[in-house]
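# Give me coordinates for this.
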Amino acid sequence: MESLFDRSDVRDLSRRMFGQDHKLSVLLFVARRRDQAFSLGDVSDWIGARNSSSVQKPLKDLYDCGLIADALTAPTDRTRAYVATVSSMWSAAEELYASLEGAEPQLF
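Below you'll find the model as predicted:
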C-alpha cells in the first residue's frame, strides 16, 4: 500500500489548501489520534516519511496555531509529546481526505 507521504494526490491537495506538501497528512494523523499523546517520530512513521524533518514544519505550524499542545507526559525523557486540542479542523482534514477517496461532497 502506498504511504500518504508518497501519494501525489494527497501532496497536491495539501499544497493547494495549505501551501505545504505534508500538512494534510499531519492533520489526518492528528485527527485519528486525537485521544492519544504522540511525538514527531509517531507522525513520521504513520505517514511513511523517510525522515522526520519532512513533518517538522507542519507540526510546528499546528502547535503555533494552537491546534496541538504539549502533552503532560512524554513517552521518554528525550521525546517531546503533543496532544490535539478541540477543533473542527480534525473533521475537515478527514473530509478533505475522503474527497480524494471518491466521497461525494455534502450539500447544504
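# Please make it C-alpha for all contacts and neighbour counts, starting now.
OK.
# all strands for the chain, in order.
68-70, 82-84 (DSSP state E).
# partners of the first one in the sheet?
Spelled out, it's strand 68-70. Strands flanking strand 68-70 in the sheet, each with its direction: strand 82-84 (antiparallel) (DSSP bridges).
# For this structure, which residues score under the pLDDT cut-off?
For the chain, residues meeting the criterion pLDDT under 70 lie at 1, 74-78.
# Just want the most central residue of it.
Nearest to the mean C-alpha position of the chain, counting by CA atoms, centre = their mean, stands V26 at 1.6 Å.
# and it, how far is that from F108?
28 Å (CA to CA, to the nearest Å).
# now do Q36
Separation of Q36 from F108 (CA to CA): 33 Å.
# When those two are compared, which one has more neighbours?
When neighbours are counted by other CA atoms under 10 Å, Q36 and F108 differ, and Q36 comes out ahead with 12 against 3.
# Now the phi/psi pair for the more buried one, please.
Here the main-chain torsion angles of Q36 (degrees, to the nearest 10) amount to phi -130, psi 150.
# unless I'm mixing things up, it is touching V83, no?
Yes: between Q36 and V83 a contact is recorded at 6.5 Å, counting by CA atoms under 8 Å.
# If you drop the residues flanking it in sequence, what lies closest to E94?
In this structure, E94 finds its nearest non-sequential neighbour in L28, 6.2 Å apart by CA to CA, 6 or more residues apart in numbering.
# I meant T73, not that one.
The spatial neighbour of T73 that comes closest, neighbours along the chain excluded (CA to CA, 6+ apart), is A81 at 7.1 Å.
# And for A93?
L28 (5.6 Å).
# Quick one: residues contacting the one you found.
With contacts defined as CA atoms under 8 Å, 6 or more residues apart in numbering, L28 is in contact with W90, A93, E94, Y97.
# Most neighbours among these, which one is it?
Most neighbours among those, by other CA under 10 Å: A93, with 22 neighbours.
# Enumerate every residue touching that residue.
Applying CA under 8 Å, 6+ apart, the residues near A93 are L24, L27, L28, A31.
# Can you pick out the ones from these that are in helices?
Per DSSP state H, helices hold the following members of the contacts of A93: L24, L27, L28, A31.
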